[in-house]
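Novice: I'll drop the sequence and a predicted model, then ask my questions.
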Amino acid sequence: MKGLFKSKPRTPAELVQLTRELLIYVQTNTETRQRKRAEKMAILANLILEIRTTLFGNGQAEPSAEACAQVTLEFFNNDTFRLLINCLPKLDLGARQDATHVIANLQRQRVNSKLIASEYMENNFEILDILIVGYEDNDIALTYGAITRECIRHQSIAKYVLESDHMKKFFDYLRIPNFEIVSDAQATFKELMTRHKSTVAEFLSKNFDWFFEEYNSKLLESSSYITRRHAIKLLGDMLLDRTNSAVMVRYVSSVDNMRILMNLLRDSNKTIKLETFHVFKLFVANQNKPPEIISVLVTNRSKLLRFLGEFNIEKEDEQFVADKLQIIEEIATLELKDRPCQDSNNFDSPS
């Protein structure tokens with residue numbers, strides 16, 4: 001007899017509708033009775049968990065494609081997606097984690113072969129304005145950071161961020177004195193600067209001067225070892241990408257940029273030295289080196305050759321050895337074509 005009175009399972013659409021009602025309740029925050037509010041928050045947490053199970057499966061059965069499509073359409077058609085993002089700071093840790101998984105999954109759901117999330121986000125770019133400034137709030141930074149990386153998987157969304165004022169803010173976020181948050185910001189920044197290659201190449205070409213001025217002064221010349229290590233590795237990834245070949249040529253034609261790299265070759269950290277070498281070799285290998293770069297290399301030739309001769313890595317690497325020999329030969333055979341710069345003797349070989 002007991003089985004006759006089991007409640008009927010909620011449909012995917014009903015799950016989202018009920019969740020929406022409770023999210024509106026959380027957002028308006030008019031409930032003064034603590035116990036009543038706690039009850040509703042518990043119900044909301046369970047609903048979010050149910051939605052997560054619908055999208056991911058329960059460990060025994062795969063998720064239903066039809067149910068996933070219903071959840072996706074309901075989330076985006078009624079703007080529940082925005083509501084959930086706005087309410088994330090008010091959820092407890094467990095519900096927040098479940099909600100983050102739901103949001104990430106929705107970014108990848110296709111309905112009739114269409115990425116619904118991409119179209120929705122293109123019409124609601126202001127959601128990115130909420131997410132990215134989350135780095136200014138220690139409590140929500142990691143959650144919003146993870147969601148931002150899912151959103152910028154879509155090229156149009158990444159393009160919006162790259163072209164926004166948020167890009168300049170990233171140079172502050174990348175220096176936040178909190179290891180977890182700065183690591184998350186670094187992951188988001190790397191995703192922005194490497195995933196959508198043609199969009200990144202266009203951005204760097206249009207914003208070359210201010211971007212690399214900030215990059216050099218705030219990241220490569222940072223007093224933080226973590227910041228320098230991340231920045232020099234990412235710089236190499238960007239410049240060595242074929243899509244950025246024009247940007248690379250422009251960067252390695254600057255004597256000021258090369259001086260920064262020569263200073264980084266003196267860094268006490270072996271990882272930073274190695275990553276710097278991979279960028280420095282681009283300056284030396286450039287067959288159209290400006291006279292001022294040739295002058296600096298010739299003036300510092302003996303110190304550079306001594307440094308490179310003693311520079312080795314622990315793990316045997318044939319490509320590294322070949323690159324080093326090529327750079328040594330190039331520097332050794334350079335000849336001045338113009339009068340040398342008077343202030344270029346600035347490279348002291350590390351001890």
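Specialist: Received it, and whenever you're ready, just let me know what you need. Just so it is clear, the model here is predicted, and its values are computed rather than measured.
Novice: Please enumerate the helices of the stretch 201-350 of the chain.
Specialist: Using DSSP state H, counting those that start in this stretch, the helices of the stretch 201-350 of the chain run over 208-214, 225-239, 245-251, 255-264, 270-285, 291-299, 301-310, 318-332.
Novice: how about a markdown table for those helices, with mean neighbour count, distance to residue 26 and mean pLDDT added?
Specialist: Where C-beta positions appear, they are placed from N, C-alpha and C, glycine not excepted. Formatted as a markdown table, those follow (neighbours: other Cβ atoms under 10 Å; distance: least, Cβ to Cβ, whole Å; pLDDT from 0 to 100):
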| stretch | mean neighbour count | distance to residue 26 | mean pLDDT |
| --- | --- | --- | --- |
| helix 208-214 | 14 | 38 | 97 |
| helix 225-239 | 20 | 36 | 96 |
| helix 245-251 | 17 | 45 | 96 |
| helix 255-264 | 19 | 49 | 96 |
| helix 270-285 | 20 | 45 | 95 |
| helix 291-299 | 20 | 59 | 95 |
| helix 301-310 | 15 | 60 | 93 |
| helix 318-332 | 14 | 55 | 92 |
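Novice: got a markdown table for these, with distance to residue 59 too?
Specialist: Shown next, in a markdown table, are the helices of the stretch 201-350 of the chain (distance: least, Cβ to Cβ, whole Å):
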| stretch | distance to residue 59 |
| --- | --- |
| helix 208-214 | 45 |
| helix 225-239 | 36 |
| helix 245-251 | 47 |
| helix 255-264 | 48 |
| helix 270-285 | 40 |
| helix 291-299 | 59 |
| helix 301-310 | 55 |
| helix 318-332 | 44 |
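Novice: quick one, which of these is nearest to residue 171?
Specialist: Between residue 171 and these, the tightest spacing by Cβ to Cβ is seen for helix 208-214, at 4.7 Å.
Novice: same for that closest one, what does it pack against?
Specialist: Applying 3 or more Cβ pairs under 8 Å, 6 or more residues apart in numbering; DSSP states H and E, we find helix 208-214 packed against helix 166-173, helix 245-251.
Novice: Let me have those helices in CSV, adding distance to residue 199 as columns.
Specialist: Shown next, in CSV, are those (distance: least, Cβ to Cβ, whole Å):
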stretch, distance to residue 199
helix 166-173, 12
helix 245-251, 13
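Novice: For residue 279, which of those helices is the nearest?
Specialist: helix 245-251 (8.7 Å).
Novice: Let me see the residues that make contact with that closest one.
Specialist: Around helix 245-251, the neighbours that count as contacts under Cβ atoms under 8 Å, 6 or more residues apart in numbering are 201, 204, 205, 208, 212, 238, 239, 240, 257, 282, 286, 288.
Novice: And for stretch 148-165?
Specialist: Taking Cβ under 8 Å, 6+ apart as the rule, stretch 148-165 contacts 103-104, 107-108, 115, 117-118, 121-122, 125, 127-129, 131-132, 134, 167, 187-188, 191-192, 195-196, 199-200, 203.
Novice: closest one to residue 91 among the helices of the stretch 201-350 of the chain?
Specialist: Among the helices of the stretch 201-350 of the chain, helix 225-239 sits nearest to residue 91 (Cβ to Cβ), with 30.3 Å.
Novice: next one: that closest one to chain centre, how far?
Specialist: Between the centre of helix 225-239 and the centre of its chain there are 12 Å (Cα atoms, centre = their mean, to the nearest Å).
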